[in-house]
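Chemist: Return a 3D structure for these sequence lines:
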Amino acid sequence: RKSSEFSDIGLDFETYLMDKQHSCKNKCIFCFVDQMPKGMRDTLYFKDDDSRLSFLFGNYITLTNLTEKEADRICEMHISPINISVHTMNPELRVKMMKNKNSGDSLKFIKKFYEAGILMNTQLVLCPGINDGEELSYSLSELAKYSPYINSIAAVPVGLTKYREGLEHLDTYNKKTANEVIDIIDDFNAHYSFFNNGKILAFASDEFYLLAERELPAEDYYGEYSQLDNGVGMCTLLKSEFITALEETEAKMLNREITIATGESAYSLLCEFKEKTEEKFNGLKVNVIKITNKFFGTTVTVAGLLTGQDLKEQLSNINLGQELLIPRVSLRNEGDKFLDDMTLEELSEDLKIKVTPVINDGYKLLESIIGGA
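Modeler: Below is the predicted model:
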């Protein structure tokens with residue numbers, strides 16, 4: 001029988017990777033997994049560093065467990081783009097930060113991918129006083145040498161929880177230091193874009209702008225939004241979508257009260273949305289409540305790390321109206337569980353209200369606020 005090119009070849013693999021997922025061999029001083037409390041589910045302690053997940057799902061890899069054979073295969077098959085956690089282009093500092101003797105030498109793969117024409121999106125997790133300042137300027141200038149195949153560079157601030165006993169001391173960013181990071185990136189982009197037809201190569205994440213209390217860049221600054229998963233341009237895109245959706249939606253009378261729960265970082269933006277929607281829809285009341293992250297610590301301000309128990313504790317005995325909206329990113333892997341294993345159903349039962357997770361989309365957010373009216 002002649003088989004089709006799509007015929008089942010009779011092989012079954014336990015996972016789409018066809019073998020075990022490659023784990024991270026680094027002991028980065030800023031690793032978030034090392035800052036998890038004890039007693040959580042096993043999957044939360046697994047550190048992936050698998051090149052296959054980079055092009056399958058956009059995961060970032062450090063290159064430290066990539067072999068020459070694997071790198072050659074990526075080049076031969078022209079698998080692109082590859083997402084790389086660089087952190088610093090200083091080999092000695094990279095070894096110090098990642099606690100892996102191979103981490104400095106593995107930067108050679110960036111050159112290899114450049115020569116093969118492989119697009120690369122890169123990220124720098126910045127730690128105050130360690131890989132920012134002059135080291136940041138150096139990393140940006142070194143990565144720029146591999147243009148145009150370095151497609152983007154994202155700078156994100158280190159995330160620190162309260163569970164750092166026995167780990168290296170790190171500081172968090174504040175208004176002053178966040179402004180310094182943005183200034184360095186702006187200076188770099190001004191020089192780079194002058195010689196590259198106005199292209200912006202490096203981006204500070206939204207969190208830096210919020211910490212610095214600076215206005216977020218306009219939408220055209222972010223181009224194709226190649227670093228959304230790193231929180232780069234997410235607020236700008238959400239605001240643009242929301243304002244457009246609001247302009248396109250007919251004003252009407254509503255008898256509706258809802259509550260939006262969010263982290264500290266997005267609070268001011270959602271308060272802006274509240275004012276605009278209440279102004280357009282008479283009879284609509286929107287409560288925006290900022291949830292303090294007690295589970296991981298108050299230094300954690302992003303909505304994606306909100307837990308069920310913090311939501312339950314801080315929203316109990318409050319009039320939440322007819323519906324509670326929460327960020328979809330706080331639920332794990334498109335499921336119904338928060339990081340602390342509380343389920344969406346349990347939270348809804350405890351608060352005695354319908355709880356609706358909303359994706360990071362301005363149109364969907366407006367629709368959820370007005371109840372599909």
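Chemist: what about I359, how many neighbours?
Modeler: Neighbours of I359 under the rule other C-beta atoms under 10 Å: 12. From N, CA and C alone the C-beta is placed, and that goes for glycine too.
Chemist: D171 now?
Modeler: 12.
Chemist: Where do the strands of the stretch 1-150 of the chain begin and end?
Modeler: 82-85, 120-126, 150-157 (DSSP state E, counting those that start in this stretch).
Chemist: where among those is the average confidence lowest?
Modeler: The weakest mean pLDDT among the strands of the stretch 1-150 of the chain belongs to strand 82-85, with a mean of 93.
Chemist: what helices or strands is that one leaning on?
Modeler: helix 51-57, strand 120-126 (3 or more C-beta pairs under 8 Å, 6 or more residues apart in numbering; DSSP states H and E).
Chemist: In terms of secondary structure, what does the last one contact?
Modeler: Using 3+ C-beta pairs under 8 Å, 6+ apart as the contact criterion, the neighbours of strand 120-126 among helices and strands are strand 82-85, helix 108-115, helix 133-144, strand 150-157.
Chemist: Contact partners for the residue most central in space within the chain?
Modeler: Nearest to the geometric centre of the chain sits N230, at 3.4 Å (C-alpha atoms, centre = their mean). If you count contacts by C-beta atoms under 8 Å, 6 or more residues apart in numbering, N230 has them with Q123, A154, V156, S205.
Chemist: So in terms of bridging, what pairs with the nearest residue to it once chain neighbours are set aside?
Modeler: Nearest in space to N230, with sequence neighbours left out and distances taken as C-beta to C-beta, 6 or more residues apart in numbering, is A154 at 4.2 Å. With DSSP bridges as the criterion, A154 is bridged to Q123, F203.
Chemist: correct me, but A154 touches Q123?
Modeler: Yes: the criterion here is C-beta atoms under 8 Å, and A154 meets it with Q123 at 4.6 Å.
Chemist: Residues that sit against both of the two, list them.
Modeler: With C-beta under 8 Å, 6+ apart as the test, A154 and Q123 both reach Q227, N230.
Chemist: Tell me the confidence at the residue nearest to the centre of the chain?
Modeler: 90.
Chemist: Over to Y221?
Modeler: 95.
Chemist: Without its sequence neighbours, what residue ends up closest to L160?
Modeler: Nearest to L160 is T299, by C-beta to C-beta, 6+ apart, at 5.1 Å.
Chemist: so what's P37 up against?
Modeler: By C-beta under 8 Å, 6+ apart, the residues touching P37 are T161, Y163, F295.
Chemist: Now rank the residues you listed by neighbours and give me the top one.
Modeler: Neighbour-wise, these (other C-beta under 10 Å) top out at F295, 21 neighbours.
Chemist: secondary structure class for that residue?
Modeler: coil (DSSP: H, G, I helix; E, B strand; the rest coil).
Chemist: now the stretch 251-373 of the chain, which segments are flagged as low pLDDT?
Modeler: Counting by pLDDT under 70, the stretch 251-373 of the chain shows low-confidence ranges at 334, 372-373.
Chemist: ok, which stretches of the stretch 201-350 of the chain are strands?
Modeler: So, for the stretch 201-350 of the chain - with DSSP E, counting those that start in this stretch - the strands run 202-204, 256-262, 284-290, 323-327.
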